[in-house]
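J.: Below is the sequence, then the predicted model.
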Amino acid sequence: MYKEEINKHEAILKAMQIAGITENKTTATNNNFDRTSFLSNIFTYFKNAVHNSKPTKEYINQRGLSPFGGNGKGGEIGYNSGQFHHGARKDETLIQNCLKVGLLIDKNLVSRTGDKAYQPFGKNCIVFALRNRANQVTGLYFRSTINDNDAKHYYLKNRSGLYPNYPKPETKKLIIPESIIDTATLLQIPEITANYSLLASYGTNGLTAEHKQAITELKELEEVIFFFDGDEAGRAGAEARANELHEIKPNIRITYVETPENEDINSLSLGHTPELFTELLNNRKPFDFAQDKEFSFSNEKTSIENKKPTTNNGEANINEYQPLKLGVLNLGLGTLNIENPHNLHYQSPSAGYYIKGGLRSSLDSMKVSLQIVNTETGFDYRAKADLYEYKQLENLAKSASQQLSIEISEIKKDLSQLTHLLEQYRSKTLKEQNNKHKTTVKIPEATINQCLDILQSQNPIKHINQLIGKSGVTGEENNRIFLFVIASSYKMPDTLHALIQGSSGSGKTMLLKTIYDLMPSEDTTKFTRVTDSSFYNYPEHYFVNRLVCFEDIDGLKEDALYAVRELISNELLVSSTSIKTESGQITGAEKTVRGPIASISCTTKGEIYEDNMSRVFLIAVDESHHQTKRIIQYQQQKASGTIDRKEEKKAKELLQNCIRLLKPQEVINPYASKIQLPEEAHKIRRLNDLYLSFVKQVTLLNQYQRQKDKQGRLITEPQDLQTANEIMFDSIILKIDELDGSLRNFYEKLKKHIIQNGKVADEGGNPDRSVGNYAFSQREIRQTFRISKTSCQNYINSLLELEYIQKTYISKHNTYNYKISHWDSLEALRERIKTYLDNQLENISDHKQKVAEMVAQNAEHQ
């Protein structure tokens with residue numbers, strides 16, 4: 001010691017080094033570690049670090065926050081650069097304390113200098129303090145500043161404390177945002193902090209026991225307001241957390257704020273003034289805890305008569321529908337988040353469990369791809385396992401415990417609860433999939449009254465047509481009600497079918513989509529593409545009483561078209577296929593798909609579907625200039641905000657519920673033999689059957705006014721025939737006309753163009769059939785009608801083939817000129833057919849008196 005001129009302590013250390021003895025650096029301070037004081041000091045360091053980091057200040061400003069918190073209500077922000085244990089601050093006591101609270105993680109790393117190295121927790125994160133009742137820092141929350149897209153969140157292990165602090169005992173109204181950063185945003189709005197207390201939830205599933213205890217102790221609390229994100233997870237989480245609070249505080253009011261879709265509090269603050277939050281809070285809505293929150297399935301449809309039946313609680317007992325909804329599944333064991341069926345989530349107090357890829361339907365096993373995430377550290381463990389295999393569960397729990405530093409008993413308990421939840425979820429899912437009857441929707445009594453006012457009115461079809469116009473269909477007054485009647489037949493024994501014809505861009509697909517949206521969504525299916533044999537692979541009863549729509553039937557191949565034809569005509573598909581038995585043997589099997597279906601299809605090539613055209617009603621889209629102007633005007637009004645989209649949605653929902661209130665009934669038509677269709681109609685046998693079915697559907701739409709015979713069958717009235725004739729008159733004309741709808745429109749425009757530009761023989765406008773008839777070229781027609789070369793060529797070829805036009809000569813440009821060789825009069829044909837049908841309706845009046853006498857006799861007999 002004296003020779004080397006060192007003091008006694010240094011001499012002892014050198015002697016220990018020579019002897020190979022390692023210094024024990026554990027101090028008395030470590031033995032008496034004060035977690036609260038240490039976290040308070042480290043958070044002060046983090047707060048000071050904000051002022052030394054320009055990028056951090058910019059990030060906080062971009063978030064619309066202040067590092068000093070809001071209005072003296074707490075919420076200060078710090079920054080963790082990951083350097084708190086480096087340089088002059090490098091001290092063994094500090095390092096040991098950081099390891100204890102989780103700020104440093106020992107991963108057995110060695111630095112470049114050979115010294116022991118540690119991984120800092122929450123590096124490059126802004127930091128928020130969680131506080132206990134004494135307002136002391138007992139936990140820290142970290143939010144990444146460099147990986148914001150993934151919204152990385154971290155909490156120190158052994159998390160405790162609330163943000164921004166415990167609510168004051170005198171709190172009357174408490175707002176619970178979904179996240180800490182959302183709460184920090186609201187803290188900066190004086191109008192909110194002056195009237196409400198704030199308490200952050202730690203995510204959609206982050207209402208901890210400490211939260212609930214703090215809320216329970218608020219004796220003067222009157223209302224809790226959930227202000228979660230505007231997405232499915234946020235809405236489902238708010239509902240689940242509200243149910244939990246309702247159980248422990250049943251006498252307080254629990255409400256929620258309707259956050260705009262795909263927005264959160266912080267994102268709203270960046271683009272709006274604080275007044276928006278005041279308005280949203282003023283418009284908050286209460287949770288309805290009287291409703292049954294359990295999942296249920298309906299295996300049969302119910303309906304009502306002219307009366308308005310209700311249950312004991314005043315709610316209509318019809319069409320009850322509660323499918324397995326997206327959101328959360330609460331079975332008493334915990335909450336299973338089923339918002340994404342391919343990423344199921346179960347949250348326990350210590351870890352989050354994610355089932356990647358969903359759950360298999362086989363009941364003899366429960367093989368899952370599992371991700372376990374430590375809630376405190378954010379570290380995860382991934383594995384594949386069968387939850388029904390005990391040894392696999394043991395190994396899984398042991399490995400996850402070692403990797404995530406969670407007690408093995410906790411993981412075993414979580415896996416057991418997760419297995420029970422998954423069993424219940426799978427059972428409900430399979431039950432819904434195997435349910436052969438369609439589910440129905442529960443309609444509020446007030447809506448039922450509105451629907452019955454329409455269905456019991458003097459002219460329901462007229463009112464329905466007006467509602468269709470309010471729902472967003474411009475013009476097409478006759479076509480839209482025609483399609484609506486056809487679509488509504490899907491739930492009846494005799495279904496109807498339509499083929500919408502029109503040129504490209506004429507609006508036929510938009511018309512189909514609108515009518516599709518007016519039908520109940522649980523009974524409809526829309527296809528944009530169909531493979532050859534896909535229809536044969538559906539469940540047997542999937543298509544029973546379902547509306548099927550094809551946006552473009554031109555894209556269907558012959559095999560798919562054949563399947564559609566068979567479903568329309570025979571209401572049945574039977575195919576022979578090969579299957580493998582349990583023993584592995586390949587054998588033949590019969591697969592059946594049943595109808596009936598109602599269908600609506602769109603096409604630009606109606607003439608090539610000869611077999612289909614005789615089975616369906618033909619509808620030609622209105623391609624007139626006047627209709628084009630109406631569509632443009634509607635588009636302009638919609639873009640300018642003149643049209644109220646909420647009213648359109650309300651009209652659609654009202655029409656959907658009207659359809660739900662209709663029930664299938666048998667109909668007799670005493671006047672069926674009194675109406676004869678024109679004999680020149682194409683395939684008169686099928687057309688007559690279509691006509692009678694359409695009359696029957698009109699009667700069914702009027703079922704609340706129609707009388708019944710002694711067998712309970714609805715009796716068709718002459719008004720039903722009159723309505724049917726008016727609605728489907730254009731379709732009858734198309735059945736008689738050898739030109740399809742779009743080709744007829746082109747031909748009529750062509751005749752009008754020639755009459756306006758060619759010679760005429762008299763004042764009546766009859767065309768001159770003498771030498772010198774007007775000749776035209778394709779270019780002239782293209783430019784006049786503003787159509788493409790391909791469309792023009794197709795129309796010209798079709799008219800040439802049908803001999804309506806002929807080639808005249810070749811011009812100097814080596815192109816053909818044409819002239820009309822067959823002049824017909826569509827107006828004369830329409831007038832003749834209309835007179836023919838009207839005369840028959842007039843003759844029915846005598847027969848009606850006899851029918852009335854028959855009904856009266858039946859009534860006396862009853």
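T.: All right, it came through fine.

J.: contacts and neighbour counts: CA atoms only from here.
T.: Fine.

J.: going on from the one helix or strand in the chain whose mean pLDDT sits lowest, what's the next piece of helix or strand?
T.: Considering only helices and strands, the least confidently modelled element of the chain by mean pLDDT, DSSP states H and E is helix 28-31, at a mean of 46. Following helix 28-31 in sequence order, the next helix or strand is helix 35-50 (DSSP states H and E).

J.: For residue 502, give its distance to residue 474.
T.: Shown here: residue 502 relative to residue 474, a distance of 16 Å by Cα to Cα, to the nearest Å.

J.: Mind jotting down where the strands sit in the stretch 201-350 of the chain?
T.: Across the stretch 201-350 of the chain, reading from the start of the chain, the strands by DSSP state E, counting those that start in this stretch fall at 223-227, 253-256, 285-286, 328-330, 335-337, 343-347.

J.: Same check on the stretch 451-600 of the chain?
T.: Listed in chain order, the strands of the stretch 451-600 of the chain (DSSP E, counting those that start in this stretch) span 497-501, 524-527, 546-550, 572-580, 586-594, 597-603.

J.: does residue 108 sit in a helix or strand, and which one?
T.: strand 104-110.

J.: Going by neighbour count, which residues in that strand are buried?
T.: When burial is assessed from 16 or more other Cα atoms under 10 Å, strand 104-110 yields the following buried residues: 104, 105.

J.: What is it packed up against?
T.: With contacts defined as 3 or more Cα pairs under 8 Å, 6 or more residues apart in numbering; DSSP states H and E, strand 104-110 has these neighbours: helix 92-101, strand 116-120.

J.: quick one: low-confidence parts of the stretch 651-800 of the chain?
T.: Applying pLDDT under 70 to the predicted model, the residue ranges of the stretch 651-800 of the chain that meet it are 682-683, 758-773.

J.: How many residues are close by residue 639?
T.: Neighbourhood size, residue 639 [other Cα atoms under 10 Å]: 10.

J.: Could you spell out which stretches of this protein belong to which domain?
T.: Listed domain ranges for the chain are 19-160, 167-289, 328-434, 445-736, 741-823 (source: automatic domain parsing).

J.: Strands along the stretch 701-850 of the chain, start to end?
T.: Under DSSP E, counting those that start in this stretch, the stretch 701-850 of the chain gives strands at 714-715, 776-777, 805-810, 816-820.

J.: Quick one, which of the strands of the stretch 451-600 of the chain gets closest to residue 537.
T.: Residue 537 lies closest, by Cα to Cα, to one member of the strands of the stretch 451-600 of the chain: strand 586-594, at 7.8 Å.

J.: by how many degrees do that closest one and strand 572-580 diverge?
T.: What separates the directions of strand 586-594 and strand 572-580 is an angle of 150 degrees, with axes from the mean of the first three to the mean of the last three Cα atoms, to 10 degrees.

J.: in its sheet, what does strand 586-594 sit against?
T.: For strand 586-594, the paired strands and their directions (DSSP bridges) are strand 572-580 (antiparallel).

J.: Contacts for the partner strand, please.
T.: Around strand 572-580, the neighbours that count as contacts under Cα atoms under 8 Å, 6 or more residues apart in numbering are 536, 563, 566-567, 586-596.

J.: can you name the two of those residues that are farthest apart?
T.: Considering Cα to Cα, no two members of the contacts of strand 572-580 lie farther apart than 586 and 596, which are separated by 31.8 Å.

J.: who has more neighbours, these two?
T.: Remark: of residue 586 and residue 596, residue 596 carries more neighbours, 25 against 11, as counted by other Cα under 10 Å.

J.: Look at the closest residue to that one other than its chain neighbours and report its pLDDT.
T.: Beyond its immediate neighbours in the sequence, the residue positioned closest to residue 596 (Cα to Cα, 6 or more residues apart in numbering) is residue 571, lying 4.8 Å away. Residue 571 carries a pLDDT value of 88.

J.: List the residues that contact residue 571.
T.: Listed by Cα under 8 Å, 6+ apart, the contact set of residue 571 reads 594, 595, 596, 597.

J.: With residue 575 as the reference, measure out to the first one.
T.: Separation of residue 594 from residue 575 (Cα to Cα) stands at 12 Å.

J.: The two: which is more packed in?
T.: residue 594 (20 against 12).

J.: Quick check: chain neighbours aside, which residue is closest to the more buried one?
T.: Beyond its immediate neighbours in the sequence, the residue positioned closest to residue 594 (Cα to Cα, 6+ apart) is residue 572, lying 4.6 Å away.

J.: One more: residue 383?
T.: Nearest non-adjacent residue to residue 383 (Cα to Cα, 6+ apart): residue 370, at 5.4 Å.

J.: Same check on residue 186?
T.: Here the nearest residue to residue 186 in space, its sequence neighbours aside, is residue 192; by Cα to Cα, 6+ apart that works out to 6.9 Å.

J.: cool, and residue 503?
T.: Beyond its immediate neighbours in the sequence, the residue positioned closest to residue 503 (Cα to Cα, 6+ apart) is residue 604, lying 5.3 Å away.

J.: Confirm for me that the one you found is in contact with residue 554.
T.: Yes: judged on Cα atoms under 8 Å, residue 604 makes contact with residue 554 at a distance of 7.5 Å.

J.: Among the two, which residue is more densely surrounded?
T.: residue 604 (21 against 17).

J.: where's that one relative to residue 537, distance?
T.: Taking Cα to Cα, one finds residue 604 at 28 Å from residue 537.

J.: follow-up on the earlier one: okay, residue 502 and residue 474: which has more neighbours?
T.: Each of residue 502 and residue 474 has its neighbours counted (other Cα under 10 Å); residue 502 has more, 25 against 19.

J.: tell me the contacts of residue 742?
T.: 501, 502, 503, 604, 620, 621.

J.: How much space separates it from residue 649?
T.: Taking Cα to Cα as the measure, residue 742 and residue 649 are separated by 31 Å.

J.: for residue 804, same thing?
T.: From residue 804 to residue 649 the distance is 46 Å (Cα to Cα).

J.: can you check residue 620 too?
T.: Residue 620 is 27 Å from residue 649, where distance means Cα to Cα.

J.: out of the two, which sits in the more crowded spot?
T.: Taking other Cα under 10 Å, residue 620 and residue 649 do not tie; residue 620 has more neighbours (21 against 16).

J.: partners of the more buried one in the sheet?
T.: Counting by DSSP bridges, the residues bridging with residue 620 are residue 501.

J.: doesn't residue 503 make contact with it?
T.: No: at 9.5 Å, residue 620 and residue 503 do not qualify as touching, with contact defined as Cα under 8 Å.

J.: Tell me, what's the model's pLDDT at the residue nearest to residue 503?
T.: According to the predicted model, the pLDDT of residue 604 comes to 80.

J.: before we move on, what about residue 624?
T.: Among the per-residue scores, residue 624 shows a pLDDT of 80.

J.: how close does residue 160 get to residue 377?
T.: In this structure, residue 160 and residue 377 are 14 Å apart, going by Cα to Cα.

J.: Same question for residue 424.
T.: The separation that residue 424 has from residue 377, given Cα to Cα, amounts to 30 Å.

J.: same check, this time on residue 516
T.: Note on residue 516: its distance to residue 377, by Cα to Cα, is 50 Å.

J.: re the thing from before, between the domains of the chain, which gets nearest to residue 832?
T.: Of the domains of the chain, nearest to residue 832 by Cα to Cα is domain 445-736, at 9.9 Å.

J.: can you give me the helices in the stretch 501-650 of the chain?
T.: Counting by DSSP state H, counting those that start in this stretch, residue ranges of the helices within the stretch 501-650 of the chain are 508-518, 558-569, 610-613, 625-640, 645-661.

J.: could you check the angle helix 625-640 makes with the longest one?
T.: In other words, helix 645-661. 110 degrees.

J.: quick one: helix 645-661 to helix 508-518, angle?
T.: Direction vectors for helix 645-661 and helix 508-518, defined by the same axes, to 10 degrees, enclose an angle of 60 degrees.

J.: Now do the same contact list for the residue nearest to residue 383.
T.: Applying Cα under 8 Å, 6+ apart as the definition, the contact partners of residue 370 turn out to be 353, 354, 355, 356, 382, 383, 384, 385.

J.: Write the ChimeraX selection for whichever of the residues you listed are buried.
T.: Taking 16+ other Cα under 10 Å as the burial criterion, the selection of buried members of those in ChimeraX is written as:
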select :353,354,355,356,385
